[in-house]
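Engineer: I'd like to go over a predicted model; first the sequence, then the structure.
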Amino acid sequence: YRALGTCDLIAVPSAFTCPTGEAHWEVLLRARAIETASFVLAPAQGGFHEDGRGTWGRSLVVGPWGEVLARLDHDEPGVLVADLDLSAVDKARSAIPALKNARPFAGP
């Protein structure tokens, strides 16, 4: 995600299982938005599938400060709409000086 840090919007389509989705879905997406100071658009496949596998739908839109801007609170098909103020990206990036000092990992 750090390599995508110059993007204003990052899409993270997913099909998390129900246990991991309930425990980790929102917190991981919020962390990705914060660490990149980008909007995260997270459409999710939800419901039960032919093989019996259940996936955690709950699509989200997260702002660059980590705030949830919109969410679906169910696993059924749906449409999620959010107004995005793209100036929030620059505002968040200027408030987190650590992003200016980022450098590529060179390895051992």
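Structural biologist: Yep, it's here. Numbering: from 1, shown residues only.
Engineer: check which helices and strands the helix or strand bottoming out on mean pLDDT in the chain is in contact with.
Structural biologist: Least confident element among the helices and strands of the chain, by mean pLDDT, DSSP states H and E: strand 47-48 (a mean of 90). Counting contacts by 3 or more CB pairs under 8 Å, 6 or more residues apart in numbering; DSSP states H and E, strand 47-48 is packed against strand 54-55. (Glycine included, C-beta is placed from N, CA and C.)
Engineer: name the residues that touch the strand it packs on?
Structural biologist: Around strand 54-55, the neighbours that count as contacts under CB atoms under 8 Å, 6 or more residues apart in numbering are 15-18, 21, 44-49, 75.
Engineer: then stretch 18-31?
Structural biologist: With CB under 8 Å, 6+ apart as the test, stretch 18-31 has contacts from 12, 14, 16, 40, 42, 44, 54-56, 58, 60, 62, 66-68.
Engineer: and the residues you listed, which of them are buried?
Structural biologist: Neighbour-count burial (16 or more other CB atoms under 10 Å) is assigned, among the contacts of stretch 18-31, to 12, 14, 16, 40, 42, 44, 55-56, 58, 60, 62, 66, 68.
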